[in-house]
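1. no sequence on this one, just coordinates:
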DNA sequence: AAGGCGTGGCG
DNA sequence: TCGCCAAGCCT
């Protein structure tokens, strides 16, 4: 039996508080929505906006991207971070052309089969682009439900079955309403029920929020591990790839060697980039983005 | 299933 | 300052 005590207030709040994001406009396509979802994985909206515009200007359909070498996708990705997403998007475009006649599929299972598309992204695209009824559970929604429903400040580090079950129990029966609920509760988490300083005074469900009613108890549990960056392989990979992105031609290894002093770590990072398909070692000893 | 994978802004 | 955080995915 469906009982979502938050949906009416959250939906009404969304009507007047939603951001005007380009991938939410009427002229957004399933492809442009898929691109936005991949770009938004672990990446703030403000940084995605210009990248999304440029990407769709150049590749307005999956077929346009599929025609190009994967390295062009990596180059276009610029400094968005996690560049394997560019490779995934290129491979997804190829798969969409080969398996779906160039049209982004609407079925969750078909979306899930695309590289770089996990359960969240598949549900988001099915919901936002096609109006399908799915639980859309991202970090924003997890935080809202942790607070409003469970009464704790933060969700657990790894997503649990209980969270999935809760999210599914809250999906409105009607598909169109469900899609609206999905984007609305995400937006609430992004704008009001934020991680560091939630604006409870502006929250449409503050009166029903279990965490607020309990006096906003502080998070209890294992320390949430922060990802260090300086000195890691990730930083080295980032520097190596930046050299290749910025060079229109293949580069000699000496151009890569200068970005990191320590040779063992440098070689390990380069080997990993090659293994990941982000870098192509050419026969003449130079390196390039993949073709 | 815990940890790797980029980047940059903010409190 | 520097740790935390930002519409996760993959192995």
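-> Yep, that arrived. Just so you know, these numbers come straight off a predicted model, no measurement behind them.
2. from here on, just use CA atoms for contacts and neighbour counts.
-> Noted.
3. shaky segments in the stretch 1-150 of chain A?
-> Flagging of the stretch 1-150 of chain A using pLDDT under 70 yields the residue ranges A:1.
4. and it, which residues reach DNA strand B?
-> Contact residues, the stretch 1-150 of chain A versus DNA strand B (Cα under 7 Å from any atom of the strand): A:42, A:43, A:79, A:80, A:81, A:82, A:83, A:84.
5. switch to 10 Å and redo it
-> A:39-44, A:46-48, A:77-86 (Cα under 10 Å from any atom of the strand).
6. what residues of whatever helix or strand residue A:57 lives in count as buried?
-> Here residue A:57 sits within helix A:45-58, counting by DSSP states H and E. For helix A:45-58, a neighbour-count test (16 or more other Cα atoms under 10 Å) marks A:48, A:49, A:51, A:52, A:53, A:55, A:56 as buried.
7. need those residues in TSV (columns: distance to residue A:106).
-> Shown next, in TSV, are those (distance: Cα to Cα, whole Å):
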residue	distance to residue A:106
A:48	24
A:49	24
A:51	24
A:52	21
A:53	23
A:55	22
A:56	20
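8. so which of those residues also contact DNA strand C?
-> residue A:48.
9. let me know the distance separating residue A:173 from residue A:80.
-> According to Cα to Cα, to the nearest Å, residue A:173 and residue A:80 sit 37 Å apart.
10. okay, now residue A:5: neighbour count?
-> 12 (other Cα atoms under 10 Å).
11. next, give phi and psi for it.
-> phi -70, psi -10 (degrees, to the nearest 10).
12. ok, the residue nearest to residue A:181 when sequence neighbours are not counted to residue A:182 distance?
-> Leaving out its chain neighbours, the residue that sits closest to residue A:181 by Cα to Cα, 6 or more residues apart in numbering is residue A:11, at 6.2 Å. Noted for residue A:11: a distance of 9 Å to residue A:182, by Cα to Cα.
13. so which of the two has more stuff around it?
-> Using other Cα under 10 Å, the more surrounded residue of residue A:11 and residue A:182 is residue A:182, with 28 against 20.
14. the more buried one and residue A:136 touch, don't they?
-> Yes: Residue A:182 lies in contact with residue A:136 (Cα atoms under 8 Å); the separation is 5.8 Å.
15. quick check: neighbours shared by those two?
-> Residues touching both residue A:182 and residue A:136 by Cα atoms under 8 Å, 6 or more residues apart in numbering: residue A:127.
16. what segments of the stretch 1-150 of chain A are helices?
-> Here the stretch 1-150 of chain A has its helices, by DSSP state H, counting those that start in this stretch, at A:7-17, A:30-40, A:45-58, A:62-66, A:70-77, A:84-100, A:108-112, A:119-130, A:139-145.
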